[in-house]
Each structure stands twice: as structure tokens, then as C-alpha cells.
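Predicted model, plus sequence, below.
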Amino acid sequence: MTPLLRLALVSAPILLIACPAAEAHEGGLDRNGCHYDRSNGNYHCHKEVPPNPDTRAVAKKSRDNVCHDASSPNYRQLRYFISYRDMDACLASGGREYRH
């Protein structure tokens, strides 16, 4: 057996163990094409969705999982968001409040 082949046979199992597999996760996506991944503790997006046309929503949850109302400086600039009837509903959905 050549030294190169021996190295390949020894290295392959080590690489398989050392490299974590890509893991799929459960959970549906919200209207932003995102979801909260509780196992990793983050909110992230998987697909692009069209901008939300409800520009006058009382509360908007951004793709960063932040709830904004009209007092937020980012409120008018948000294009990708989920509309809520009030801030309490947005926060109850898992969003966090915008901090000035």
C-alpha cells in the first residue's frame, strides 16, 4: 500500500467524524419566509418573499424579528415585515421590541 493511499484511508474517517452534517430543522415559515429556531436560539430566513403592501400596519415585525411601531425610526423603511394589529400582538408572536 502506498503512503498516499494509507494517508487517505486514515484521514477519511477522521474527516467524517470531525465535520458536522448539515441538519434540517422542523418548523413552518412565517409570512416573511422566516422562523424562530428554538434549538439554536435564532430567527432566520429561508426564502425571499415579496414586500408587504400593508405599509400602514399599526405594528410591523421585521425579518430581524424586531417589532416596530410608528415611533420607530425604521418603521417607514421596512419593506419585508409581518403586519400586526398592535405591538402586544407582535411581541406575543416572539418578536422583540425596538430599542431607540
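Received it, and whenever you're ready, just let me know what you need.

Touching, Met87 and Lys61? I think so.
No. If you go by Cβ atoms under 8 Å, Met87 and Lys61 don't touch, sitting 9.9 Å apart. Yep, even glycine has a C-beta here, placed from its N, CA and C like the rest.

Run through the residues that contact Val49.
Contact analysis of Val49 by Cβ atoms under 8 Å, 6 or more residues apart in numbering lists 31-33, 80.

Next: Glu48.
Taking Cβ under 8 Å, 6+ apart, one finds Gly33 in contact with Glu48.

same question, His68
His68 neighbours (Cβ under 8 Å, 6+ apart): 59-62, 74-75, 78, 81, 98.

Quick check: it vs Arg79, distance?
Relative to Arg79, His68 is positioned 12 Å away (Cβ to Cβ, to the nearest Å).

picking up where we left off before, show only the entries of the contacts of His68 found in strands.
59-62, 81 (DSSP state E).

Give the buried subset of the residues you listed as a PyMOL selection command.
Only the buried entries of these go into this PyMOL selection, using 16 or more other Cβ atoms under 10 Å:
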select buried, resi 59+60+61+62+81
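
Great, nothing more from me.
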